[in-house]
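Asker: Please work out how this folds:
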Amino acid sequence: MTGVGGGTALVVVDLQVDFCGPSAAARHGHDPAVLARAAENSARAVAAARAADTEVVFVRFLGDEDHQGPSWRRRDRLLGKRPKCVTGTPGAEFHGVTPAPGEAVFTKYACFDAFLADGFERHLRRRGVVRLVFAGVFLDVCVDSSARTAFQKGFEVSVLTDCTAPLHLPEEHTLTFMRRLYGARLTTRADPELWAAYPATPGPSRHTTEEERSRPPSPRPAPTPATQPSPPSPPNPAPPEPREWTSASE
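Answerer: Okay, here's the model as predicted:
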């Protein structure tokens, strides 16, 4: 496992046969070559990150019916969709690149957002990651869903525009939305600064819990008379570590 303390992680999203292989290219509503290039360039980005000793994290999707919620199954029935990336089938295998020994792999069970994969956020926090660089598919589905949550949880977001492709929406519209809403840095795998060490951004702790964010502000103390010195402010307590929500917590 590489990239300890470097602050940056390359997050490779859903580079799997059912999403990137020949059958997926045939279903793709845009130029199938765009999807092929995205997969090939993602593999090149992985190689570059490894060479720079940058953390590489793989996220995969499993869409078995047993993993689907009622709304997911209802949508598939209405639209005639079949499950993708079913456990144990060739469609669930990685496409174009595979995790190296020691690289972390996280599984999304019939969901889009990488942060819903058990242990994903906890792993990033423990590794000291503050910037996520996204590659993989699809730009307007799982990449966007994961980038949106990353931004809300305090991570800096970069998107490798030559290493992804949209499924439903125009690429330009999706990238513009991500840049304006998440402040996403739009770049390519050729960016010479991409794998440089990324220091933590000054400001409030990134480990602030959901409870703390929703807590109302403390009332302002009454002013102290000028003749009486103000008492020293107590030191701020250290924020608690983030708590990962898992099925065991229910």
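Asker: moving C-terminal of the biggest strand by length in the chain, what's the next helix or strand?
Answerer: The longest strand of the chain (DSSP state E) is strand 156-165. Once the chain leaves strand 156-165, the next helix or strand it forms, by DSSP states H and E, is helix 171-182.
Asker: what residues does that following helix touch?
Answerer: 139-140, 144, 147-148, 150-151, 157, 159, 161, 165-166, 184-186 (C-beta atoms under 8 Å, 6 or more residues apart in numbering). Backbone N, C-alpha and C define where each C-beta goes, glycine included.
Asker: swap the cut-off to 10 Å and go again
Answerer: Residues from elsewhere that reach helix 171-182 (C-beta atoms under 10 Å, 6 or more residues apart in numbering): 30, 34, 134, 138-141, 143-144, 147-152, 155-157, 159, 161, 164-170, 184-186.
Asker: Just the buried ones from the residues you listed?
Answerer: Among those, the ones that count as buried by 16 or more other C-beta atoms under 10 Å are 134, 138-141, 143-144, 147-151, 155-157, 159, 161, 164-167, 184-185.
Asker: can you tell me how far the residue nearest to the spatial centre of the chain sits from Pro22?
Answerer: Centroid-nearest residue in the chain, with C-alpha atoms, centre = their mean: Ser146, separated by 3.9 Å. Per C-beta to C-beta, to the nearest Å, Ser146 is found 26 Å from Pro22.
Asker: Next: Ala48.
Answerer: For Ala48 relative to Pro22 (C-beta to C-beta), the value is 26 Å.
Asker: higher neighbour count, the two?
Answerer: Using other C-beta atoms under 10 Å as the criterion, Ala48 and Pro22 rank with Ala48 on top: 17 against 9.
Asker: shouldn't that one be in contact with Leu10?
Answerer: Yes: checked against C-beta atoms under 10 Å, the pair Ala48 and Leu10 is within contact range at 8.6 Å.
Asker: what touches both of the two?
Answerer: Thr54, Val56, Arg189, Leu194, Trp195.
Asker: for the residue nearest to the centre of the chain, what are its contacts?
Answerer: Contact analysis of Ser146 by C-beta under 10 Å, 6+ apart lists 11, 13-14, 59, 108, 112-117, 120, 132, 134, 136, 155, 157.
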